[in-house]
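> what would the 3D arrangement of this be:
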Amino acid sequence: MSEVATQFNRGIPPLGNLLASTQQIVDTELRPLTVDIDLEGLYPESVMKSLGREGVFMQHLPAVRGDSKTDLGAAIQTMATVSHECMSTGFAIWCQDTCAWYLQNAANPVVRDNWIGKVGTGEVLAGTGMSNTMKAFAGIEPLRLKGKRVDGGYVVNGNLPWVSNLGEGHVFGTLFEVEGSGGRSVMALVDCDSEGFSLRLSAHFMALEGTRTFACIFEDVFIPDEMIIDDDGAAFLKRVRTGLVLLQFGMGVGNIQSCIDISRGVEPLLGHVNAFLDDRPDELQEELDDAVEAVLALAEEPYETSDEYFREILELRLAAGEMALRASQSAMLHTGAKGYLRTAPAQRKLRESYFVAIVTPAIKHLRKELESFAQAA
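Below you'll find the predicted structure:
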């Protein structure tokens, strides 16, 4: 079992069992596909379905768990276990978990009750189209989707450049501005099979290629009232932002731990000369363990909406992006020339780490938000 799985096992039997079964899926189903996911753009749909059946996507969903518990920490930990092997699959899990989080927090019980069970179990695979929304609310770019109120719902037009974990039969959550409303926005669940909606493959990426990332084109797409998550998009975003960003730590922690493990793996052969490098594995491990402890503590209050609480999360999220870059560079330098091989884990982790640093909220976005908090203090 990888270190990322064992370090998270806090001695709680249900969580320990879940992490063990997640690791088994990684070992038997995911690992044989990792290189094809990375280099050929294979989408790991069968792995996602297996993880859904195991309960990986429902840990933070009281409506699916059947109890009152919101175990965001377990969701982060299972995502990290998968991301340790393949962050493309880890990112797909984040998309799935985040869409389910929108449904868990929906103001409209109809959309929640109709869809959360399907998304939470992986019966329906799902994405999140909120990168533009988060940038818009941070003053970085305008909202790209516009909706017009009509009888029984909204007609939406516009496009989102990159949304992931999509395909036929998939759904995703996104936000649009209502025309003539003075800036009011609405959060909705979009069915990829809707009339007027299309997916366009507009780019190929150096990493995270196996994530079914498309441009989403809305041409008079009707979104009925039963698919509206919240009529107040701004209030909804503030309500879900804690969970949305905290869940991203699953990707970062998995990537960083994998880089540490790669550096440790070459110590028997290269330790005598790697001793002269910066960011040695034991140093990074101590730093990561401290960050994980802080993240899991924050994850115990997933419904906290205060700016001060969110500022702490953003500071940790920024640290995770910066640490991923350091850890992946360290893994490459510790590995040496073998890290340049086309299938070498070290160079894959290096490419993945840049995604931790640029996925919304990116390092520059985080620094901008933190500066805004500082100026408001």
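> Val190 sits in which helix or strand?
For Val190, the host element (DSSP states H and E) is strand 185-191.
> mind listing the helices for the stretch 151-300 of the chain?
Secondary structure of the stretch 151-300 of the chain (DSSP state H, counting those that start in this stretch): helices at 233-247, 249-265, 267-274, 281-298.
> and these as JSON lines, adding mean neighbour count and mean pLDDT?
Yep, even glycine has a C-beta here, placed from its N, CA and C like the rest. Output for the helices of the stretch 151-300 of the chain, formatted as JSON lines (neighbours: other C-beta atoms under 10 Å; pLDDT from 0 to 100):
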{"stretch": "helix 233-247", "mean neighbour count": "21", "mean pLDDT": "97"}
{"stretch": "helix 249-265", "mean neighbour count": "27", "mean pLDDT": "98"}
{"stretch": "helix 267-274", "mean neighbour count": "12", "mean pLDDT": "96"}
{"stretch": "helix 281-298", "mean neighbour count": "17", "mean pLDDT": "97"}
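> domains of this structure?
Under the assignment automatic domain parsing, the domains of the chain span 3-123, 127-232, 235-376.
> and the shortest one, end to end?
Okay, so that is domain 127-232. The first residue of domain 127-232 is 21 Å away from its last residue (C-alpha to C-alpha, to the nearest Å).
> tell me how far it lies from the chain's centre.
Its chain's C-alpha centre and that of domain 127-232 lie 17 Å apart, by C-alpha atoms, centre = their mean, to the nearest Å.
> what does the first one give?
Domain 3-123 has its C-alpha centroid displaced from the chain centroid by 10 Å (C-alpha atoms, centre = their mean).
> same check on the last one?
Its chain's C-alpha centre lies 13 Å from the corresponding centre of domain 235-376 when counted by C-alpha atoms, centre = their mean.
> next: stretch 226-240.
19 Å.
> just the residues contacting that stretch, thanks.
For stretch 226-240, contacts defined as C-beta atoms under 8 Å, 6 or more residues apart in numbering pick out 101-103, 105-108, 110-112, 114, 130, 133-134, 137, 153-154, 173, 175-176, 184-191, 303, 305.
> start to end distance for that stretch?
By C-alpha to C-alpha, the extent of stretch 226-240 from end to end equals 20 Å.
> repeat for stretch 54-67
17 Å.
> who's in contact with that stretch?
Residues outside stretch 54-67 that contact it (C-beta under 8 Å, 6+ apart): 18, 21-22, 25, 51, 68-72, 74-75, 78-79, 82, 93, 96-97, 100-101, 103-104, 112-113, 116-117, 119-122, 243, 247, 302.
> coming back round to it: so which of the helices of the stretch 151-300 of the chain gets nearest Gly41?
Set against Gly41 and scored by C-beta to C-beta, those come closest in helix 249-265, at 18.4 Å.
> so Arg141 touches Met134, yeah?
You called it Arg, but residue 141 is Glu. No: taking contacts as C-beta atoms under 8 Å, Glu141 lies outside contact range of Met134: 9.9 Å.
> out of those two, which sits in the more crowded spot?
Met134 (19 against 12; other C-beta atoms under 10 Å).
> so what does the helix or strand containing the more buried one touch, helix or strand wise?
Per DSSP H and E, Met134 falls inside helix 131-137. The helices and strands touching helix 131-137, judged by 3 or more C-beta pairs under 8 Å, 6 or more residues apart in numbering; DSSP states H and E, are strand 153-163, strand 171-178, helix 233-247.
> paired strands for the shortest one, with orientation please.
Neighbouring strands of strand 171-178 in its sheet, by DSSP bridges, are strand 126-129 (parallel), strand 145-150 (parallel), strand 185-191 (antiparallel).
> most tightly packed of those strands?
Greatest average neighbour count among those goes to strand 126-129 (a mean of 26), per mean count of other C-beta atoms under 10 Å.
> other residues contacting it?
95-96, 98-100, 102, 119, 160, 163-166, 170-175, 190, 216, 244.
> chain center to it, what's the gap?
Here strand 126-129 is found 10 Å from its chain centre; the criterion is C-alpha atoms, centre = their mean.
> spatially, and excluding backbone neighbours, which residue is closest to Cys192.
Leaving aside its sequence neighbours, Cys192 sits nearest to His170 (C-beta to C-beta, 6 or more residues apart in numbering; 4.7 Å).
> pull the contacting residues for the one you found.
Applying C-beta under 8 Å, 6+ apart, we find His170 in contact with Val124, Leu125, Ala126, Gly127, Cys192, Arg212.
> okay if I get those as a markdown table plus pLDDT and distance to Gln285?
A markdown table is the format used below for those (pLDDT from 0 to 100; distance: C-beta to C-beta, whole Å):
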| residue | pLDDT | distance to Gln285 |
| --- | --- | --- |
| Val124 | 98 | 38 |
| Leu125 | 98 | 34 |
| Ala126 | 98 | 34 |
| Gly127 | 98 | 33 |
| Cys192 | 98 | 41 |
| Arg212 | 96 | 33 |
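> closest to Val35 among those residues?
Distances from Val35 to the contacts of His170, taken by C-beta to C-beta, are shortest for Arg212, at 18.0 Å.
> list the contacts of that closest one.
Applying C-beta under 8 Å, 6+ apart to Arg212 gives the contacts Tyr43, Ala92, Ser164, Asn165, Leu166, Gly167, His170.
> okay, the last one: pLDDT?
Looking back up the chat, that one is His170. We have a pLDDT of 98 for His170.
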